[in-house]
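> Pasting the sequence and the predicted model now:
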Amino acid sequence: MVEVSTVCNLRCPGCERVLYQTDPALGGLPKSNVSLKNLKKLGHILPYIYSTYFVGGLGEPFLNPEFWDIHHFFKSFGIKTGYFTNASLIDENKIKTTFREGVDSVLISVDSHSRQRYEDIKKGSSFDKAVEGIRLFSRYRAAYKRQAFQLGLNFIFRSDNYGDILDYLDFAKDLGIDFINASGFIVHVKKEKDNNIFEINNEVKEQLFNQAHQKARRLGIRLRLPNIKPFRNCLCYHLWHGVCIFYNGDVCACPFFRTRRPFYFHADNDKVFYEERMYENTVLGNYLNQDFLTQIWNGPRAKELRRSELVGDKTINPCAFCYYKYDLH
Ligand code: SF4
Ligand code: SF4
């Protein structure tokens with residue numbers, strides 16, 4: 001995953017940006033676009049990379065004016081690519097370029113099929129504009145004969161929208177969606193804590209998720225749902241399968257903990273529980289001033305995290321209590 005921008009045109013109340021805006025210990029919200037010049041420093045490792053997703057992370061990828069140049073550079077290594085967008089800036093030109101440049105997959109953040117709920121969660125957005133943009137993907141996919149292209153929606157389960165998922169599947173089918181990535185809401189700031197889905201009864205979730213799986217199968221949509229509870233002997237795949245590259249050159253083990261920060265939900269003894277704790281970052285190094293293979297991918301922090309995960313070291317922060325590794329998110 002490559003974060004290409006930390007600038008955003010929306011103001012979602014549940015976004016990680018709010019943590020940066022409200023917690024002075026984090027040093028303020030970065031407002032930065034990643035340059036192609038910097039990313040070119042990764043050129044020597046890109047021949048060995050299978051796939052990457054370009055994300056805003058703390059922003060919207062299309063606010064980076066170099067977005068297509070960056071994509072083109074990565075694509076020149078034969079890498080499978082995708083991007084994750086809030087859809088607010090999608091237009092015909094961007095969709096045509098998406099197909100011309102050979103993007104393999106696009107994931108669009110849509111948390112509800114109800115206009116009002118969508119616009120409440122995505123403050124500053126227009127539901128109609130997002131839907132119009134999504135429809136254009138299907139039209140141009142046919143025009144460019146890109147049947148293998150995959151169009152997905154990212155749906156975040158919250159306590160106020162989890163019951164929407166069955167109707168949302170019909171909405172997705174109508175839009176020509178191939179897959180839905182449904183994850184649990186991440187609580188970045190304490191005042192959003194009641195929007196989490198851990199307090200929803202597990203039996204309720206199990207029943208709903210079973211119905212959703214069946215319906216998705218019937219509609220021909222691939223549906224990824226979060227796990228309902230942690231399971232034993234789980235190892236975090238993030239530590240071995242890839243890295244997340246952030247705007248400032250930091251290379252992190254996982255997308256979630258790029259910086260030391262407070263965090264509210266944790267997994268232990270097969271349960272998820274609430275408690276405010278400080279979590280450490282998972283920065284492995286910085287590609288702008290360190291050698292990627294020897295000092296970052298095989299550097300001391302990477303080795304420490306992998307070793308502690310293999311032996312189940314309960315003292316390692318944040319991996320020891322992190323609920324993400326159980327795919328609960
Ligand atoms: S669109 Fe994404 S990055 Fe922008 S404010 Fe909303 S959640 Fe945050
Ligand atoms: S265990 Fe959690 S914190 Fe550690 S790398 Fe995996 S997802 Fe990130």
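Yes, it's here. Numbering: from 1, shown residues only. Ligands and ions are numbered 1, 2, ... in the order given.
> Flag every residue of the stretch 1-150 of the chain that's near ligand 2.
The stretch 1-150 of the chain has no residues near ligand 2, with proximity defined as C-beta under 6 Å from any ligand atom. For glycine as for every other residue, the C-beta is placed from the backbone atoms N, C-alpha and C.
> Tell me where the stretch 1-150 of the chain has strands.
Assigned by DSSP state E, counting those that start in this stretch, the stretch 1-150 of the chain shows strands spanning 2-3, 51-55, 80-85, 105-109, 150-157.
> Any idea how many residues pack against Ser51?
Using other C-beta atoms under 10 Å, Ser51 has 13 other residues around it.
> List phi and psi for the nearest residue to Lys193 once chain neighbours are set aside.
Setting aside the residues directly before and after it, Lys193 is nearest to Val187 in space (C-beta to C-beta, 6 or more residues apart in numbering), at 5.1 Å. Taking degrees, to the nearest 10, you get phi -90, psi 110 for the backbone angles of Val187.
> how close does Val187 sit to ligand 1?
13 Å (C-beta to the nearest ligand atom, to the nearest Å).
> Ok, Thr282 next?
Distance, Thr282 to ligand 1, by C-beta to the nearest ligand atom: 20 Å.
> Give me the spatial nearest neighbour of that residue, chain neighbours excluded.
Ala253 (3.9 Å).
> Does that neighbour touch Asn281 like I think?
No. The pair Ala253 / Asn281 is not scored as a contact, 9.2 Å apart, by C-beta atoms under 8 Å.
> Counting neighbours, go ahead and name the busier of these two.
Counted by other C-beta under 10 Å, Ala253 and Asn281 do not tie: Ala253 has more neighbours, with 25 against 18.
> follow-up on the earlier one: would you mind confirming that the residue nearest to Lys193 is in contact with Tyr264?
Yes. Here Val187 reaches Tyr264: they are 4.7 Å apart, a contact under C-beta under 8 Å.
> joint contacts of the two?
193, 196 (C-beta atoms under 8 Å, 6 or more residues apart in numbering).
> quick one: contacts for Leu293?
Leu293 makes contact with Ile45 under the criterion C-beta under 8 Å, 6+ apart.
> typed the wrong thing, it's Pro262
For Pro262, the contact set (C-beta under 8 Å, 6+ apart) comprises 23, 190, 276-279.
> now swap in Val110 and tell me
Applying C-beta under 8 Å, 6+ apart, we find Val110 in contact with 87, 118, 130, 134, 153-155.
> Recalculate using a threshold of 7 Å.
118, 130, 153, 155 (C-beta atoms under 7 Å, 6 or more residues apart in numbering).
> ok, now Glu3?
34, 55-57, 245-247.
> Would you mind checking those for buried ones?
Applying 16 or more other C-beta atoms under 10 Å to the contacts of Glu3, the neighbour count classes 34, 55-57, 245-247 as buried.
> Which one of those residues is nearest to ligand 2?
Phe246 (13.5 Å; C-beta to the nearest ligand atom).
> What score does the residue nearest to that closest one when sequence neighbours are not counted have for pLDDT?
Sequence neighbours aside, Glu3 is the residue nearest to Phe246 in space, at 4.8 Å (criterion: C-beta to C-beta, 6+ apart). Per-residue pLDDT puts Glu3 at 97.
> ok, now how distant is Glu3 from ligand 2?
Per C-beta to the nearest ligand atom, Glu3 is found 15 Å from ligand 2.
> Repeat that for Ile45.
According to C-beta to the nearest ligand atom, Ile45 and ligand 2 sit 20 Å apart.
> And the nearest residue to that residue once chain neighbours are set aside, its phi and psi?
When the adjacent residues along the chain are set aside, Ile45 lies closest to Phe292, with 5.1 Å between them (C-beta to C-beta, 6+ apart). For Phe292, the backbone dihedrals (degrees, to the nearest 10) come out as phi -60, psi -50.
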